[in-house]
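model the following, please.
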Amino acid sequence: MVMLKSLSLGALAALVTLIAPPSSAQTKEQLLEAFSGNWVVFDTAFSTSSTPCSLSLENKVELHGVVEESQLRPVANSQNCVVPLNSVSAWDIEQNQLVLYAQQDVVVARLGGNQSRVTGDLSDSFVSLILERPNGDAYQAAFSQAVRQHRCIYLGYTSDCAERSDLAASVMSEDGGVVASLGLLVNLNVRDQPRRDARIVGTLPQGACLKVNYCTVASDGIWCRARFGEASGWVSKTALRQEKWPVATFVNGCEAE
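Below is the predicted model:
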């Protein structure tokens, strides 16, 4: 098993919560306003077409007929989404989480993060969800600018440029469980959620072979999830080294295998 340096199981197992908002947005009403609007899922696995799955979270309540408690939640609508996101009809901020609801008070997902990206797991599922604003993550803009400048995504600490195959998503195998192997090219931070601002819960050494059980795509690239004992953590396939050099942090497969 790959060991994490400075692993905090408590941090890994912590509830997904919304990052504290600015001082000007402390009340629930202000949080609803801050997190309302349009959101998209950049992973095509969540979409029914070439257009990304999108959710519109409105900061309004629509009442029809006999008013029940569930009708007091703000309205949500989905487009081009697969099950269960296609059933989202309401949302709310509860216990510092953004909660997506289907009809009859069915919880679709509980998410945490910031006003640009929220993450979490779909209810009763191993599938993780990354919701972002339509213009994507600010980190991706900086990464793309660095790629244009250097005309290269470097393989770890080397001066070699990654091939397209090096940057492809991992293919999961069902040998001994649904897993894929990643060869780490750098000392890599592990975060408790697939967000750049999420808590760092440990560091994996360069050269390690990491088994992951799920990967997904965000605006800033591929994120993969691994198990560490009873907890899990996330690693990103791309990074800006010293805030300047665009690098691939791992490749698919391990030389040791």
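
can you count the residues close to K28?
Neighbours of K28 under the rule other CB atoms under 10 Å: 12. Yep, even glycine has a C-beta here, placed from its N, CA and C like the rest.

do the same with S165
Count around S165 with other CB under 10 Å applied: 8.

that one should be in a strand, yeah?
No: applying DSSP: H, G, I helix; E, B strand; the rest coil, one finds S165 to be helix, outside a strand.

could we number from 50 for the rest of this?
Fine by me, first position is 50 from now on; the one you just mentioned is S214.

and the gap between it and V300?
9 Å (CB to CB, to the nearest Å).

W272 now?
15 Å.

ok, R197 next?
R197 is 23 Å from V300, by CB to CB.

and L81, by the same measure?
42 Å.

try L171
Distance from L171 to V300, by CB to CB: 28 Å.

mind giving me the domain split of the protein?
Following automatic domain parsing, one gets these domains for the chain: 77-181, 186-300.

arrange those domains in TSV, one row each, with mean pLDDT as further columns.
Output for those, formatted as TSV (pLDDT from 0 to 100):
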stretch	mean pLDDT
domain 77-181	91
domain 186-300	93
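
what about the residue lying closest to L80 once chain neighbours are set aside, how many neighbours?
Once flanking residues are discounted, L80 sits nearest to I142: 4.8 Å by CB to CB, 6 or more residues apart in numbering. By the criterion of other CB under 10 Å, I142 has 20 neighbours.

follow-up on the earlier one: higher neighbour count, L171 and V300?
V300 (22 against 19).

let me see the contact set for that one.
204, 211, 215, 231-232, 234 (CB atoms under 8 Å, 6 or more residues apart in numbering).

could I get these in a markdown table, plus columns for neighbour count and distance to S281?
Converted to a markdown table, these look like this (neighbours: other CB atoms under 10 Å; distance: CB to CB, whole Å):
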| residue | neighbour count | distance to S281 |
| --- | --- | --- |
| L204 | 20 | 26 |
| A211 | 20 | 26 |
| D215 | 16 | 25 |
| L231 | 25 | 14 |
| G232 | 18 | 20 |
| L234 | 21 | 22 |
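
now, the residues you listed that are in strands?
Counting by DSSP state E, the contacts of V300 place 204, 231-232 in strands.

mind checking the SS state of N108?
Secondary structure, three-state DSSP: N108 is coil.

contacts only, for it.
81-82, 85, 123.

quickly check these for the two that are furthest apart.
E82 and P123 (10.1 Å; CB to CB).

can you give me the end-to-end distance of stretch 215-230?
13 Å (CA to CA, to the nearest Å).

circling back to that earlier point, of the contacts of N108, which belong to strands?
Using DSSP E, none of the contacts of N108 sit in strands.
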